[in-house]
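> Whatever this is, show me its structure:
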Amino acid sequence: MGGCVSSPKTKTSKGSIGGQGKQVQADGNKQEDELSSTKNKSKTTKVIHMDMDGWVQELKQPIQAKAITSQNPNCFLCSSESLSIGTCAPQVPDDEDLQPGHIYFLMPLSRAHQPLSLPDLCTFAIKASSALRANDVDL
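Got it, this is the predicted structure:
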């Protein structure tokens, strides 16, 4: 995947990824857990880079999606709250402001038209939780 966006307004951390984010029941319904239930307490936006290294980019200032995707042209952003089984991950529009307290995934474009499965969502949840914990990122 592409390089990271880096400025005085961002905090980046590298580390291994694995853990939990949203728990998904077998019937496909999302169940909130610690990551989503604390989103209103956080003042930063988190971008989980879904590459081999796996790292969290923490944005302290408002930013549009295109600021991330322009630095990662082979990737797209999706909100952790918009993922569901049997659908493709909806891409965040380039002109949309990323919301403080929300978690986004930066994924390869090759995944853009692949419907998500229960194992996919479990993998995303595991990676997000582990990356946030491993890098001591505040929720």
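
> Which residues outside stretch 83-99 are in contact with it?
Under the contact criterion C-beta atoms under 8 Å, 6 or more residues apart in numbering, stretch 83-99 has outside partners 22, 24, 28, 30, 45, 47, 59, 62-66, 68-69, 76-79, 82, 104-105, 107, 111-118, 121, 124. To be clear about C-beta, it is placed using only N, CA and C from the backbone, and glycine gets the same treatment.

> and these, which are buried?
22, 24, 30, 45, 47, 59, 63, 65, 68-69, 76-79, 104-105, 107, 111, 116, 121, 124 (16 or more other C-beta atoms under 10 Å).

> So which of those are in helices?
Applying DSSP state H to these, the entries found in helices are 65, 68-69, 121, 124.

> any chance of these in JSON lines, with distance to residue 94 too?
Formatted as JSON lines, those follow (distance: C-beta to C-beta, whole Å):
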{"residue": "65", "distance to residue 94": "5"}
{"residue": "68", "distance to residue 94": "9"}
{"residue": "69", "distance to residue 94": "6"}
{"residue": "121", "distance to residue 94": "25"}
{"residue": "124", "distance to residue 94": "22"}
